[in-house]
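Peer 1: from the sequence below, what's the structure:
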Amino acid sequence: MINDQPTISMSQPLDDLNADQLKALVERYRRIFCGSGYGFWEWDLNTHYIDWSGGFWESIGYDDEDRKRLTDARELPAFIHPDDVEQMFESVREHLRTAEPLYTCYRVRTKCGDYIWTQVRADSIRDESGRAMYISGVNFDISELKDVEAALRESEARQARIIQASNDGIWEWYADRDAFHFSARCWEHLGYGGEDDLISTGRDRMRQWRNHILSEDLPLFDSALERHLTAQEPFDVEYRVRAKDGEIRWIRARGKASFDFDGRPMRMSGTNMDITDIKRAEARVVKAKEQAEKANSAKSEFLSSMSHELRTPLNAILGYAQLFEYDSNLKEVQKGNIREIHAAGEHLLRLINDVLDLAKIESGAMETSLQNVLVSRLLNDCVTLLQPQADARSILLKVDFHGLDSVCVHADPIRLKQALLNLMSNAIKYNRVGGEVNVELELRPERMLRILVQDTGTGIEESRREEVFQPFNRLHAEMSKVEGSGVGLVITKQLIEKMDGSIDFSSVTGEGTCFWVDLRDAGRAQFVSQPGDALAEISQRTELRITGRHDILYIEDNATNIRLMEHFFYRYKNLSLEVAEEPFIGLYRARQTRPAVIILDINLPGLDGYEVLSVLQSDPATRDIPVIGLSANVMSIDVEKGREAGFYEYLTKPLQIEQLVEVLNGLLGDEGRTEGNLIDAG
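Peer 2: So this is what the prediction gives:
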């Protein structure tokens with residue numbers, strides 16, 4: 001195909017062009033105008049005729065017919081947004097006055113009635129006198145630019161609102177001119193307003209700020225800043241400032257520097273947050289914690305004192321009851337009465353122990369020693385201890401290990417036994433007469449062993465599930481004849497959880513309840529004792545196996561406790577008991593008689609038991625005599641203190657005869673005697 005368009009050079013003079021060439025040139029310019037996206041126009045100021053063309057006008061909907069029809073410049077205001085008309089004409093008037101190029105922006109109406117932003121660049125042609133005859137210019141669409149500007153302004157406004165709402169101050173440091181900028185909010189933190197000279201004059205802002213930092217905190221501030229600028233560690237520091245009114249306030253400063261290619265800081269920007277209220281709240285929390293600790297300590301001291309006051313008379317009650325059980329001259333009725341006294345005393349002792357245990361758990365003083373524990377042996381011990389209670393109510397107590405006799409768990413043996421005794425005792429107490437208690441073992445997923453204790457009692461209503469583990473809540477059992485304190489299950493739950501285990505239950509009203517404990521499976525034991533081993537061990541512990549004659553010195557000021565101890569030693573003719581009711585007399589007799597064993601009460605008049613022990617230990621004549629401490633103070637801290645002081649053993653009241661027998665066997669028995677223990681009193 002041969003192109004028959006005339007060839008035209010853009011630099012060729014117009015006078016040299018013929019008609020066809022001029023027509024082709026006009027068409028070329030039209031294509032350029034239309035394809036460029038710009039709108040071109042020329043305004044004849046004498047006739048108000050305006051000629052416009054270009055792709056811009058087509059992009060907003062106007063065609064050639066509109067261009068031919070809309071030629072009067074005086075109609076322009078109808079196509080400009082009403083809010084922009086005056087500003088547009090003022091720009092035109094300013095151009096006509098100054099002859100400076102015309103630059104302006106306004107919103108122009110599209111063919112469909114919407115508005116878009118357009119920018120105008122124009123200039124004028126003037127006559128010899130400088131009067132403008134024509135204004136020629138170009139329009140182009142800047143809507144996207146305006147949208148970006150609007151988004152930027154909104155972003156800045158949003159950030160300003162956020163900063164204003166957060167009460168944070170803004171600061172910036174410029175390395176090139178070593179200058180600082182602090183926002184007004186920074187100074188407001190110090191109590192200054194905009195009218196204050198400090199922020200309205202041109203003084204060194206950083207120096208002024210540093211003057212308000214407490215001298216004790218300046219090294220902290222400078223160190224944090226240096227680490228950030230040299231090692232680029234995060235800059236986050238809390239320090240104190242002295243406000244305008246002299247008040248001490250807390251500031252948390254955070255910032256980040258930008259560095260050049262050589263690692264030199266160029267600029268650093270950051271925020272200041274007033275954290276005075278937070279610091280004051282922290283101080284209140286610390287103070288409240290200290291007060292709570294003091295209150296808890298006072299509670300522990302009260303419980304220890306209460307325990308001592310209760311255990312001292314209880315020691316006589318239970319001690320004499322135990323002694324009467326050895327007496328073969330009593331009638332059956334009298335033995336029954338003694339058993340009732342003993343049972344009531346034991347119940348009172350359990351109540352005291354429960355309250356103390358709960359207090360120790362709540363204060364965090366309850367310690368556990370986790371080790372591998374053979375569950376079957378522990379359960380056999382529990383059955384042995386609880387069998388009389390079950391027999392009294394004709395309850396069948398059954399244990400089925402399901403072949404898991406040798407499985408151990410990771411637990412504290414003493415605390416686990418306490419928890420299982422609580423569960424099994426409850427299953428017996430709250431059962432029906434002639435019912436059953438079934439104890440079983442079951443392997444669970446994730447190496448857990450489950451211990452189940454199921455009874456055939458009245459059950460627990462589902463609506464009262466949340467009350468089961470609440471302290472002192474017995475689910476109205478306090479109205480029955482069943483004894484209890486209402487804290488056993490609470491203690492059990494917390495003990496199990498301290499051993500990293502869990503406890504839960506299911507119940508059917510009228511049919512019974514099943515409690516279960518899940519503990520970590522620790523593998524199988526090599527040897528498993530038979531059920532009768534526990535009874536044999538108890539029998540051995542209660543048998544006094546002492547040969548030869550021995551003197552015992554008992555230092556005690558309580559007459560009831562003295563009579564109890566005299567009744568006990570009266571049964572053993574080879575043991576001679578001497579009583580000293582004053583600590584100084586006790587020290588004198590210990591030095592004179594050199595007894596085989598000294599039993600020493602802790603709470604004595606004049607000198608307490610620890611002071612007496614210290615004197616005995618410092619005297620060469622008595623320092624080798626074993627001393628047994630005896631006290632009604634049973635808190636763990638008391639027991640630990642007694643052992644650390646150097647007592648051979650620390651026994652608590654009410655005194656358990658079996659414990660005293662076991663200690664004496666260890667000291668004076670054939671297996672435990674040494675040459676230093678043996679003193680021939682005959």
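
Peer 1: mind checking pLDDT for residue 239?
Peer 2: At residue 239, the pLDDT value in this model is 94.

Peer 1: excluding chain neighbours, what is closest to it?
Peer 2: The shortest distance from residue 239 to any non-neighbouring residue, by C-beta to C-beta, 6 or more residues apart in numbering, is to residue 217 (3.9 Å). Every residue, glycine included, has its C-beta placed from N, CA and C.

Peer 1: now residue 591: phi and psi?
Peer 2: Backbone dihedrals for residue 591, given as degrees, to the nearest 10, come out at phi -70, psi -30.

Peer 1: that one is in contact with residue 625, isn't it?
Peer 2: No. Applying C-beta atoms under 8 Å as the test, residue 591 and residue 625 come out as separate, 9.8 Å apart.

Peer 1: how many other residues sit next to residue 405?
Peer 2: Burial of residue 405, expressed as a neighbour count using other C-beta atoms under 10 Å, amounts to 17.

Peer 1: where does the stretch 201-350 of the chain dip in pLDDT?
Peer 2: Low-confidence segments of the stretch 201-350 of the chain, defined by pLDDT under 70, are located at 201-203, 296, 299-301, 303-308, 326, 347, 350.

Peer 1: quick one, domains of this structure?
Peer 2: The chain is divided into the following domains under automatic domain parsing: 18-147, 167-274, 289-358, 367-538, 541-668.

Peer 1: report the distance from the third one to the chain centre.
Peer 2: Translated: domain 289-358. Distance, stretch centre to chain centre, for domain 289-358: 38 Å (C-alpha atoms, centre = their mean, to the nearest Å).

Peer 1: next one: the fourth one
Peer 2: Chain-centre distance of domain 367-538: 32 Å, with C-alpha atoms, centre = their mean.

Peer 1: just stretch 563-576 next, same as before
Peer 2: Here stretch 563-576 shows a centroid-to-chain-centroid distance of 57 Å under the convention C-alpha atoms, centre = their mean.

Peer 1: residue 207 and residue 178: what is the separation?
Peer 2: Applying C-beta to C-beta, to the nearest Å, one obtains 12 Å for the distance of residue 207 from residue 178.

Peer 1: tell me which stretches of the stretch 251-400 of the chain form helices.
Peer 2: Using DSSP state H, counting those that start in this stretch, the helices found in the stretch 251-400 of the chain span residues 276-325, 332-363, 375-392.

Peer 1: residue 140 pairs with what?
Peer 2: The residues listed as beta-bridge partners of residue 140 by DSSP bridges are residue 119.

Peer 1: contacts only, for it.
Peer 2: For residue 140, the contacting residues are 37, 38, 39, 56, 118, 119, taking C-beta atoms under 8 Å, 6 or more residues apart in numbering as the criterion.

Peer 1: what is the lowest-pLDDT residue among the residues you listed?
Peer 2: Lowest in pLDDT among these is residue 37, which has 73.

Peer 1: the nearest residue to that residue once chain neighbours are set aside - how many residues pack around it?
Peer 2: Of all residues not flanking residue 37 in the chain, residue 55 sits nearest, at 4.7 Å (C-beta to C-beta, 6+ apart). Residues within reach of residue 55, counting by other C-beta under 10 Å, total 18.

Peer 1: wait, what's in contact with residue 210?
Peer 2: Under the criterion of C-beta under 8 Å, 6+ apart, the contact partners of residue 210 comprise residue 218.

Peer 1: now it: which helix or strand?
Peer 2: Under the assignment given by DSSP states H and E, the secondary-structure element containing residue 210 is helix 205-212.

Peer 1: next, the angle helix 205-212 makes with the helix or strand that that helix is followed by.
Peer 2: Once helix 205-212 ends, the next helix or strand along the chain (criterion: DSSP H and E) is helix 218-231. Angle, helix 218-231 to helix 205-212, by axes from the mean of the first three to the mean of the last three C-alpha atoms, to 10 degrees: 140 degrees.

Peer 1: give the other helices and strands that helix 218-231 contacts.
Peer 2: Counting contacts by 3 or more C-beta pairs under 8 Å, 6 or more residues apart in numbering; DSSP states H and E, the secondary-structure elements packed against helix 218-231 are strand 235-242, strand 248-259, strand 265-274.

Peer 1: tabulate those (TSV), appending distance to residue 638 and mean neighbour count.
Peer 2: As requested, the helices and strands packed on helix 218-231 are arranged in TSV below (distance: least, C-beta to C-beta, whole Å; neighbours: other C-beta atoms under 10 Å):
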stretch	distance to residue 638	mean neighbour count
strand 235-242	43	18
strand 248-259	43	16
strand 265-274	49	17
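
Peer 1: tell me which residues in stretch 277-297 are buried?
Peer 2: Taking 16 or more other C-beta atoms under 10 Å as the neighbour-count basis, stretch 277-297 is seen to contain the buried residues residue 279.

Peer 1: nope, stretch 89-106 is what I was after
Peer 2: The neighbour-count criterion (16+ other C-beta under 10 Å) identifies 91, 92, 95, 96, 102, 104, 106 as the buried residues of stretch 89-106.

Peer 1: among the residues you listed, which lie within strands?
Peer 2: Of the positions in the buried residues of stretch 89-106, 102, 104, 106 sit in strands, assigned by DSSP state E.

Peer 1: could you list the low-pLDDT ranges of the stretch 501-650 of the chain?
Peer 2: 524-543, 634-637.

Peer 1: buried ones in stretch 492-509?
Peer 2: Buried positions in stretch 492-509, judged by neighbour count with 16+ other C-beta under 10 Å: 492, 493, 494, 495, 496, 498, 499, 501, 503, 505, 507.

Peer 1: which residues touch the first one?
Peer 2: When you say that, I think you mean residue 492. Contacts for residue 492 were tallied using C-beta under 8 Å, 6+ apart; they are 418, 419, 422, 423, 503.

Peer 1: please verify my assumption that the fourth one contacts residue 455.
Peer 2: No. Contact status for residue 423 versus residue 455: not in contact, 9.6 Å apart, counting by C-beta under 8 Å.

Peer 1: overlap of the contact sets of these two?
Peer 2: The contact lists of residue 423 and residue 455 share no entry, where a contact means C-beta under 8 Å, 6+ apart.

Peer 1: need the helices and strands packed on helix 218-231 in a markdown table (columns: distance to residue 662).
Peer 2: As requested, those are arranged in a markdown table below (distance: least, C-beta to C-beta, whole Å):
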| stretch | distance to residue 662 |
| --- | --- |
| strand 235-242 | 59 |
| strand 248-259 | 61 |
| strand 265-274 | 65 |
